[in-house]
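>>> A predicted structure for the sequence below; I have some questions about it.
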Amino acid sequence: MKVGIIDMGTNTFHLLVAEVRDHDFTVLFKEKLLVRIGEGGISHGLITEEATQRALKALERFNDVLKAEKVDEVFATATSAIRNAKNGVEFAGRVQRELGIEVRIISGDEEAETIYYGVKKAIPMTDEPVLIMDIGGGSIEFIIGNQSEIFWKRSFEIGGQRLIDQFHSHDPILPEEVIRLQSYLAMNLEPLFEACQTYKPQTLVGSSGTFDTLSDIYMLDNKIEKNPLGTEFPFTLDAFEGIYEKMITFNRRERMNVPGMIEMRVDMIVVASILIHFINQKLDIKNIRVSAYALKEGVLLKTIHSLYKKRV
């Protein structure tokens, strides 16, 4: 059967179409569209009408693909910007009325767990705990786990768009803005640091989004050919540090001129890079890996499990 997964993130909407067979899947189609549903309202807990119109236009495009692919089942999930908006439920109802897409608004806890399943499918892990990080526009998910279980997980509502609104007022970002952002992270991520003292992960696994772009920059700079079907993309800590210095000193035009940079990441990558750098330094991370799978693949895997469980 064919399954469609729609991930309605704060900045980007993703569509994944897959053929499901024998408890596994083959990706048939992937697309991501810059929607910025949190723009103009996320700091006030609202989805603006302008953002709603961008979202509906993107979902109309996805609907066309789903019909062309003759998809049997569609599962749409909404995350931080929608779950925290005063009119989030109203927005989801409008999507269903106008487009026939039923939207499930998931909690931060479920989002973190689902990301883990996506990453575990993409990246071979061992018994050693790793720290998984997913940087969204509205929230950031951290999961500590290994190949067989989750030890700790948490979603923090301090995603990239929220950090831009609070700390990135100048371009390039000012040193004092970086310091204020780092102080904010030190205060708000204390539960993560306590968990890391217990489990001591030494590898950071970044899932999708910003990490994809960082890996693309690294591969182009080192003439490494990207495998479009790969589930793990190459990256190194040394490479990150070099890119980080550019991201905090370049203005927007200079960042756009970096080979591998894309329009939908050029703004958020500044605060995201500061976050990654802060985590690396604070936790003395020794290794960094990039997963091509994240929330939407995790949703697909949980859906497959549910579908086959019903048949048994």
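Received it, and whenever you're ready, just let me know what you need. As the structure is a prediction and not an experimental result, all values here were calculated from the model.
>>> which stretches of this protein form strands?
Using DSSP state E, the strands of the chain run over 2-8, 12-21, 24-34, 73-78, 103-105, 130-135, 140-145, 150-156, 203-207, 232-233, 287-291.
>>> Now tabulate these in JSON lines and tack on mean neighbour count.
Every C-beta, even on glycine, is put in place using the N, C-alpha and C of the backbone. Shown next, in JSON lines, are these (neighbours: other Cβ atoms under 10 Å):
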{"stretch": "strand 2-8", "mean neighbour count": "23"}
{"stretch": "strand 12-21", "mean neighbour count": "20"}
{"stretch": "strand 24-34", "mean neighbour count": "15"}
{"stretch": "strand 73-78", "mean neighbour count": "20"}
{"stretch": "strand 103-105", "mean neighbour count": "18"}
{"stretch": "strand 130-135", "mean neighbour count": "26"}
{"stretch": "strand 140-145", "mean neighbour count": "25"}
{"stretch": "strand 150-156", "mean neighbour count": "18"}
{"stretch": "strand 203-207", "mean neighbour count": "24"}
{"stretch": "strand 232-233", "mean neighbour count": "19"}
{"stretch": "strand 287-291", "mean neighbour count": "21"}
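>>> Make CSV from those strands and add mean pLDDT and distance to residue 183 to it.
Shown next, in CSV, are the strands of the chain (pLDDT from 0 to 100; distance: least, Cβ to Cβ, whole Å):
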stretch, mean pLDDT, distance to residue 183
strand 2-8, 97, 32
strand 12-21, 96, 28
strand 24-34, 95, 30
strand 73-78, 97, 31
strand 103-105, 98, 32
strand 130-135, 98, 19
strand 140-145, 98, 17
strand 150-156, 98, 15
strand 203-207, 98, 21
strand 232-233, 97, 32
strand 287-291, 98, 24
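>>> closest one to residue 297 among these?
Proximity to residue 297, assessed across those by Cβ to Cβ, is greatest for strand 12-21 (7.0 Å).
>>> Report the inter-axis angle for the closest one versus strand 73-78.
150 degrees (axes from the mean of the first three to the mean of the last three Cα atoms, to 10 degrees).
>>> mind putting the strands of the chain in TSV, distance to residue 117 included?
Formatted as TSV, those follow (distance: least, Cβ to Cβ, whole Å):
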stretch	distance to residue 117
strand 2-8	13
strand 12-21	14
strand 24-34	13
strand 73-78	13
strand 103-105	16
strand 130-135	11
strand 140-145	10
strand 150-156	9
strand 203-207	11
strand 232-233	16
strand 287-291	11
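>>> Of all the ones you listed, which one comes closest to residue 266?
Minimum separation from residue 266 across the strands of the chain (Cβ to Cβ) falls at strand 24-34, 10.6 Å.
>>> Can you spell out which helices and strands pack onto that closest one?
Here strand 24-34 touches strand 12-21, helix 49-68, helix 295-311, going by 3 or more Cβ pairs under 8 Å, 6 or more residues apart in numbering; DSSP states H and E.
>>> That strand: partners in the sheet, and parallel or antiparallel?
strand 12-21 (antiparallel) (DSSP bridges).
>>> so how many other residues sit close to the nearest residue to residue 225 once chain neighbours are set aside?
Distances taken as Cβ to Cβ, 6 or more residues apart in numbering put residue 219 closest to residue 225, at 7.5 Å, once the chain neighbours are dropped. For residue 219, the count of nearby residues is 19 (other Cβ atoms under 10 Å).
>>> Where does pLDDT dip in the protein?
Scanning the chain for pLDDT under 70 picks out the ranges 308-312.
>>> Any idea how many residues pack against residue 175?
Neighbour count of residue 175, defined by other Cβ under 10 Å: 10.
>>> To clarify, my last question referred to residue 114.
26.
>>> is it true that it touches residue 299?
Yes - counting by Cβ atoms under 8 Å, residue 114 does reach residue 299; the two are 5.8 Å apart.
>>> hang on, the earlier thing: got a list of what the residue nearest to residue 225 touches?
Applying Cβ atoms under 8 Å, 6 or more residues apart in numbering to residue 219 gives the contacts 225-226, 233-234, 260.
>>> Narrow those residues to those that are buried.
Neighbour counting with 16 or more other Cβ atoms under 10 Å marks 233, 260 as buried within the contacts of residue 219.
>>> Perfect, that will be all.
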